[in-house]
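Novice: This is a predicted model, with the sequence first.
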Amino acid sequence: MNENATAAALKEWASAVEAFLGGDTILALRKGGIREETRDFELTNEAFYFFPTYEHQKEHLLKEPYRRFVAETKAEWRPDAPAVPIKAWAEAVEDLLIEDEERLQALSPYHIWTDDYASERLHWKRTKPLHCLLLRVYRFEAPIDVPNDPGFAGCKSWVRLPIGEDQAALGRPVLSDEAFARKAAEIREVLKR
């Protein structure tokens with residue numbers, strides 16, 4: 001691996017990463033961070049690592065079965081830790097653009113956020129669609145520790161990690177091909193109605 005290699009990572013709540021790792025969801029809802037370079041979310045990489053974040057995650061914004069992940073992940077979080085554990089990577093199979101409440105409500109059974117929070121995300125930056133990323137997630141046998149860097153901070157969706165993209169080959173799918181295909185087909189079907 002090239003020592004200077006970097007790879008894209010999507011910043012995501014650590015609690016959401018745990019839900020992805022458990023196969024509880026295959027959907028990420030994105031509008032973009034306040035400090036996005038483009039001012040809006042863009043899917044700049046179809047394959048990326050998950051960079052866990054802790055500061056903004058709140059139990060009341062998650063549906064009841066997933067609220068425990070907030071406390072669990074905060075218990076292991078050390079803001080001054082020299083390294084950040086990277087537990088997974090994902091492939092964005094599809095970027096579904098959601099522009100109305102009806103389509104968003106149809107997706108409610110398939111994501112971990114409360115309906116109120118999902119609706120809030122939809123209506124923030126009203127002229128822009130909500131990106132609903134259909135993700136195939138891969139878990140690492142052991143986390144890859146990435147040196148912590150102040151450049152990772154801030155309200156932005158993407159960061160570059162000092163690890164090569166070839167590390168992704170070490171991950172194994174969270175869901176079988178059949179289970180993933182079934183969930184993806186259900187999601188696509190509810191959006192057709």
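Specialist: That came through fine.
Novice: tell me which residues of the helix-or-strand element of the chain with minimal mean pLDDT are tucked away?
Specialist: Within the chain, no helix or strand scores below strand 158-161, which has a mean of 88 by mean pLDDT, DSSP states H and E. Within strand 158-161, the residues scored as buried using 16 or more other Cβ atoms under 10 Å are 158, 159, 161. (C-beta placed from N, C-alpha, C; glycine too.)
Novice: Where is the longest strand in this structure?
Specialist: strand 130-147 (DSSP state E).
Novice: Partner strands of that one and their direction?
Specialist: strand 27-30 (antiparallel), strand 83-98 (antiparallel), strand 172-173 (antiparallel) (DSSP bridges).
Novice: Name the nearest residue to residue 152, sequence neighbours excluded.
Specialist: Closest residue to residue 152 apart from its sequence neighbours, by Cβ to Cβ, 6 or more residues apart in numbering: residue 159 at 5.0 Å.
Novice: which residues pair with that neighbour across the strands?
Specialist: Residues in beta-bridge contact with residue 159 (DSSP bridges): residue 9.
Novice: Equivalent analysis for residue 135, please.
Specialist: In this entry, residue 135 is beta-bridged to residue 92, by DSSP bridges.
Novice: Quick check: it touching residue 28?
Specialist: Yes. Applying Cβ atoms under 8 Å as the test, residue 135 and residue 28 come out as touching, 5.9 Å apart.
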